[in-house]
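Engineer: Build the 3D model from these lines:
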Amino acid sequence: MSDFSSQTSDYPELARQIKAWSQELGFAEARITRPSLPVEAEQRLSAWLAAGFHGDMDYMPRHGLLRLRPAELVPGTLSIVSVRMNYWPEGAADAAAQLQDGERAYVSRYALGRDYHKVLRNRLQKLAERVQAVAGPMGHRAFTDSAPVAEVSLAAQAGLGWRGKHTLLLTREQGSLFFLGELFTTLPLPADPAQEEHCGRCTRCLDACPTGAIVAPYQVDARRCISYLTIELFGAIPEGLRPLIGNRVYGCDDCQLACPWNRFAVSGAEADFAVRHGLDRATLVELFAWRETDFTARMAGSPIYRIGYERWLRNLAVGLGNAPTTESVVAALRARLDDPSALVREHVAWALARHVADGH
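Structural biologist: The predicted model follows:
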C-alpha cells in the first residue's frame, strides 16, 4: 500500500499508481487528461451534425456540445482517467475467411462475447475504490460508450493513442481492437501529453469500407456505415445499401481489418469477451431459424441483445439475400415470408426476389 495521502498532495505519484492499478485490473493502458477539449473539436462536431451524418441517432444533436464539455456533464470534474481494454477473442474464427464465406454470418468481433459495458464500468469502479482507499473520498463517475462523452477525443488528448482516419483510436503498440472507458474524478491529477498521429498518407480504411461511409479522412457518414445500419437504425435498411452489406449481420470490422497498425493487435485476456454460442462461425440459415425465445436466451448479456429479435432477423434477411443461391437459403427465406413483423417481411421479400431472379 502506498504512503500517499490527501495531505501530501503527491498527485504525480498517485497518477503513476493509477496507471499501474489499471493494468492490474485488466486494462491494457491508462492515461490522464483534463476535462476540456479544444474549440476545434466543437466546430467539427457542429459541422458533422449540420451535415446530417448522425442519421437517426437523435441523441447526438439532443446532447449537442455537452459531449465535448465533460466538466459540464459531471460538474466538479478536474481530471479524467482514460483507459482501454483489448477485446479480440482468442481462438475466434478468422475474420477475413468468415467475410469471404457468403453462407456464414459475420458478427463484429467485439460482440462475440458478453456485453462490455458492465465489464468496463465494474473495473473502473474498482479502480475508483483503490484510489479512494489511498487518497480519501473523491467525486467520481465511470463511463464507457453509454453517455455523451467524446471518448476518442479524450483518449487522444490523454496520449492513449491518436484518432485514425476511420475515426477510431489507434495505437502503434496494439492497433485499435479495444474498448475505451473513462473515470471522471475530482482529483487534480497531472495530465499526460498527446501523441503524434501516425496514419501518414495511408487510406486503407477509406478504401476498405464496403459502403463508402468514410467520406473523407476522419469523417464518417453514419447513414452509410454498416455498424449504424445493422445496430442503430430502427427501420428499413435502404435498399441500395443492402447488397453492399454482404454477410455482416451485426456491426462491421472492415476498416480495422484493413489498418496496418492492427498487425500489432493482441487478443483480449478477459474471459467475458470469449466467443459464445458459436457466433464467430455460425451460418446465416442457422441463425435465421432461431425463435424469439432462442434469441432472448442466447443473446442475454450480449451487446446484440439491444437490437432485439426483429432487427436481428432484418439483418439476417439481408445477409441471406446476399448469400449464394442454395435450396437451404431459399427455404429459410420462404419460411419467414409471413413473419409477424412487417419490417422482417419486407427484407425477406427483397432477399427472396434476388434468389428467384437467379432461377429458383
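
Engineer: Show me the strands in the stretch 101-250 of the chain, by range?
Structural biologist: For the stretch 101-250 of the chain, applying DSSP state E, counting those that start in this stretch gives strands covering 106-107, 140-143, 162-163, 169-170, 178-185, 214-216, 219-220, 248-250.

Engineer: Domain-wise, how is this protein divided?
Structural biologist: According to automatic domain parsing, the chain is divided into the following domains: 11-185, 283-360.

Engineer: Just send these back as a markdown table, with mean pLDDT and distance to A216 too.
Structural biologist: To be clear about C-beta, it is placed using only N, CA and C from the backbone, and glycine gets the same treatment. Output for the domains of the chain, formatted as a markdown table (pLDDT from 0 to 100; distance: least, Cβ to Cβ, whole Å):
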| stretch | mean pLDDT | distance to A216 |
| --- | --- | --- |
| domain 11-185 | 96 | 9 |
| domain 283-360 | 95 | 27 |
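
Engineer: Can you add distance to C252 and mean neighbour count and give these back as a markdown table?
Structural biologist: As requested, these are exported to a markdown table (distance: least, Cβ to Cβ, whole Å; neighbours: other Cβ atoms under 10 Å):
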| stretch | distance to C252 | mean neighbour count |
| --- | --- | --- |
| domain 11-185 | 6 | 19 |
| domain 283-360 | 11 | 18 |
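
Engineer: Including distance to A269, could the ones you listed go into CSV?
Structural biologist: Converted to CSV, the domains of the chain look like this (distance: least, Cβ to Cβ, whole Å):
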stretch, distance to A269
domain 11-185, 7
domain 283-360, 19
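
Engineer: Identify, by residue count, the longest helix of this protein.
Structural biologist: helix 116-135 (DSSP state H).

Engineer: mind checking how far it is from the chain centre?
Structural biologist: 21 Å (Cα atoms, centre = their mean, to the nearest Å).

Engineer: tell me the angle it makes with strand 178-185.
Structural biologist: Interaxial angle, helix 116-135 versus strand 178-185 (axes from the mean of the first three to the mean of the last three Cα atoms, to 10 degrees): 40 degrees.

Engineer: what's helix 116-135 packed up against?
Structural biologist: Judged by 3 or more Cβ pairs under 8 Å, 6 or more residues apart in numbering; DSSP states H and E, helix 116-135 is in contact with helix 11-24, strand 79-86, strand 140-143, strand 178-185.

Engineer: if we can go back for a sec, between the domains of the chain, which gets nearest to C205?
Structural biologist: The minimum distance between C205 and the domains of the chain falls on domain 11-185, with 4.0 Å, by Cβ to Cβ.

Engineer: related to what we said a few turns ago, kindly state which of the helices and strands packed on helix 116-135 is positioned closest to E270.
Structural biologist: strand 79-86 (6.7 Å).

Engineer: After the closest one, which helix or strand is next? Please name it.
Structural biologist: helix 95-100 (DSSP states H and E).

Engineer: what would the helices and strands packed on helix 116-135 look like in CSV with distance to A133?
Structural biologist: Listed next are these as CSV, based on distance: least, Cβ to Cβ, whole Å:
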stretch, distance to A133
helix 11-24, 10
strand 79-86, 16
strand 140-143, 13
strand 178-185, 14
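
Engineer: Out of those, flag the one nearest V329.
Structural biologist: strand 178-185 (34.3 Å).

Engineer: hmm, back to that, residues touching the longest helix of the chain, excluding its own?
Structural biologist: By Cβ atoms under 8 Å, 6 or more residues apart in numbering, the residues outside helix 116-135 that reach it are 1-2, 4-6, 14, 17-18, 21-22, 25-27, 81, 83, 85, 87, 110, 138, 140, 142-146, 179, 181-183, 185, 187, 270, 272-273, 303.

Engineer: For my notes, please list the strands of the stretch 101-250 of the chain in CSV and give distance to I231 for each entry.
Structural biologist: Output for the strands of the stretch 101-250 of the chain, formatted as CSV (distance: least, Cβ to Cβ, whole Å):
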stretch, distance to I231
strand 106-107, 11
strand 140-143, 19
strand 162-163, 21
strand 169-170, 19
strand 178-185, 15
strand 214-216, 17
strand 219-220, 14
strand 248-250, 7
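
Engineer: Who are the contact partners of the residue nearest to A208 when sequence neighbours are not counted?
Structural biologist: By the measure of Cβ to Cβ, 6 or more residues apart in numbering, the closest residue to A208 outside its immediate chain neighbours is A258, 3.5 Å from it. Contact analysis of A258 by Cβ under 8 Å, 6+ apart lists R204, C205, D207, A208.

Engineer: Please apply the same query to Y11.
Structural biologist: Neighbours of Y11 in contact, by Cβ under 8 Å, 6+ apart: L187, P188, L189, P190.

Engineer: Narrow these to those that are buried.
Structural biologist: Neighbour-count burial (16 or more other Cβ atoms under 10 Å) applied to the contacts of Y11 gives L187, L189.

Engineer: between the contacts of Y11, which is nearest N247?
Structural biologist: Nearest to N247 among those, with distances taken as Cβ to Cβ, is L189, at 45.5 Å.

Engineer: Nice, that's everything, thank you.
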